[in-house]
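>>> Predicted model and sequence below, questions to follow.
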Amino acid sequence: MPLTASTVSFLRRKVLVSPLARIAFPVRCTDSVTDLTVRCTKSTRNGIFRGVRVVEIDPADNTTPPAGDKRFAPLWEPPAAPTRGRPARVNRTQIVDAAVAIADERGLDAVSMRSVARALGVGTMTLYSHVPSRDHLIDAMIDRAYADLALPDPELPWRTALETYARGYFSLLRTHSWLLTVNTWRMPLAPHVFDADEAAFRILVDTGLTANQVVETIGIVRQAVSGFARAAAAEIADERDQGTDYEAYWSAQTDFWENTFDPARYPTMTRLWTMGAFDDAATPFDLRIGGLLDTIELLIERAGDSGSAVPSFDECVRMSGPDPAGCADVDTADA
């Protein structure tokens with residue numbers, strides 16, 4: 001059993017002893033062994049010693065090991081090729097799909113290595129051969145969910161493309177509402193997540209906006225769409241729990257409007273109400289995304305003559321050398 005950070009983390013969570021847990025791993029000992037945690041105890045006929053690696057784990061130390069450079073590497077690896085012999089009972093794709101199905105039905109908190117194993121009809125430890133930990137599993141779930149995001153055609157005009165992206169993102173969050181509980185400031189470095197970023201930034205990168213404006217604008221669109229999706233998810237939950245849909249809920253408030261609401265105290269709301277501001281037949285999403293796109297269009301028009309647009313990829317390479325990452329140091333006014 002390899003002594004990896006995820007293995008130690010797993011043992012730290014599972015071993016409930018005090019003050020220290022001493023875990024022994026079987027190892028092979030040779031003359032080159034210098035690790036003081038390895039204790040060689042018994043010789044064999046071929047001259048190789050067998051021993052144990054003893055690790056002390058303090059249950060009070062519940063800190064998570066820092067994410068290393070290779071945390072997201074499995075997300076970029078192709079599916080494992082079939083091997084000879086007895087086939088594995090499950091594979092990584094099946095594990096991730098089962099976890100996503102659980103989260104779609106019961107929320108992200110319901111996803112555990114045990115619940116996924118139960119859904120697949122295998123032992124919990126079987127999963128660890130494919131996914132090191134629950135954190136790694138959630139990374140893979142997010143990437144799998146983002147594979148469902150419909151990306152706009154690169155040839156579309158920016159406004160049409162951005163609306164397509166926003167609607168696709170809204171649909172994604174409606175389908176996988178557990179994504180609304182994910183920390184978007186720490187998204188996994190995963191291929192489908194990057195595909196979504198690339199497609200979104202490409203929509204605005206040649207509109208005349210600065211690099212910062214491109215990123216900020218896409219962030220605003222995502223936050224707006226997340227807000228719409230969160231409200232929609234809450235409405236669905238209330239309809240399910242209370243047995244009353246949106247229209248029936250508000251129709252039942254007639255007594256409040258007639259006997260409790262005071263127009264003199266809320267004159268602005270009354271003016272808007274009497275003008276039908278709350279009666280538009282369009283969905284809130286249609287109204288608000290349209291208004292947001294109008295605002296972005298004004299921003300683009302104002303930026304048209306600023307001369308601070310994002311340089312092309314070729315210009316980045318020309319001005320900063322063979323490493324396009326150097327484009328961050330390029331003065332866009334000279335592009």
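That came through, no problem. Remember, predicted model here, so these are calculated numbers, not experimental data. Numbers count the residues shown, from 1 in each chain.
>>> alpha carbons only for contacts and neighbour counts from here, please
Noted.
>>> What mean pLDDT does the biggest helix by length in the chain get?
Identified as the longest helix of the chain according to DSSP state H is helix 211-242. Mean per-residue pLDDT for helix 211-242: 91.
>>> list the helices and strands it packs on?
Helices and strands touching helix 211-242, as assessed by 3 or more CA pairs under 8 Å, 6 or more residues apart in numbering; DSSP states H and E, comprise helix 158-175, helix 191-204, helix 284-303.
>>> again, 7 Å this time
Applying 3 or more CA pairs under 7 Å, 6 or more residues apart in numbering; DSSP states H and E, one finds that helix 211-242 contacts helix 158-175, helix 191-204.
>>> Check which residues of it are buried.
By 16 or more other CA atoms under 10 Å, the buried positions in helix 211-242 come out as 211, 213-215, 217-218, 221-222, 224-226, 228-230, 232-233.
>>> What is the subsequent helix or strand relative to it?
helix 246-251 (DSSP states H and E).
>>> what's that next one in contact with?
Residues outside helix 246-251 that contact it (CA atoms under 7 Å, 6 or more residues apart in numbering): none.
>>> can you give me the mean pLDDT across it?
Average pLDDT, helix 246-251: 86.
>>> hey, C-alpha coordinates of that helix in CSV?
Extracted C-alpha coordinates of helix 246-251, given in CSV (Å, rounded to 0.1, in the frame of the first residue of the first chain):
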residue,chain,number,x,y,z
TYR,A,246,-45.7,30.1,-7.8
GLU,A,247,-49.1,31.4,-9.2
ALA,A,248,-51.1,29.8,-6.5
TYR,A,249,-48.9,31.2,-3.7
TRP,A,250,-49.3,34.8,-4.9
SER,A,251,-53.0,34.4,-5.6
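>>> Mind listing what's buried along the following helix or strand past it?
Next along the chain after helix 246-251, taking DSSP H and E as the criterion, comes helix 254-259. For helix 254-259, the neighbour count (16+ other CA under 10 Å) marks no residue as buried.
>>> who are the neighbours of helix 254-259, in terms of helices and strands?
Short answer (3+ CA pairs under 7 Å, 6+ apart): helix 254-259 packs on no helix or strand.
>>> Tell me the helix or strand right after that helix.
Per DSSP H and E, helix 254-259 leads on to helix 267-274 as the next helix or strand towards the C-terminus.
>>> Touching that next one from outside, list them.
The contact list for helix 267-274 (CA under 7 Å, 6+ apart) reads Pro263.
>>> Return the set of buried residues in it.
Going by neighbour count (16+ other CA under 10 Å), the buried part of helix 267-274 is Thr270.
>>> Check stretch 291-304 too.
Neighbour-count burial for stretch 291-304, counted by 16+ other CA under 10 Å, picks out 293, 296, 299-300, 303.
>>> hang on, Val90 is in a helix, isn't it?
No. Val90 is assigned coil when assessed by DSSP: H, G, I helix; E, B strand; the rest coil, not a helix.
>>> Could you pull up phi and psi at it?
The phi and psi values for Val90, taken as degrees, to the nearest 10, are phi -140, psi 160.
>>> so which pair among the buried residues of stretch 291-304 is furthest apart in space?
The span of the buried residues of stretch 291-304, defined through CA to CA, is set by Leu293 and Ala303 at 15.1 Å.
>>> Many thanks, we can stop here.
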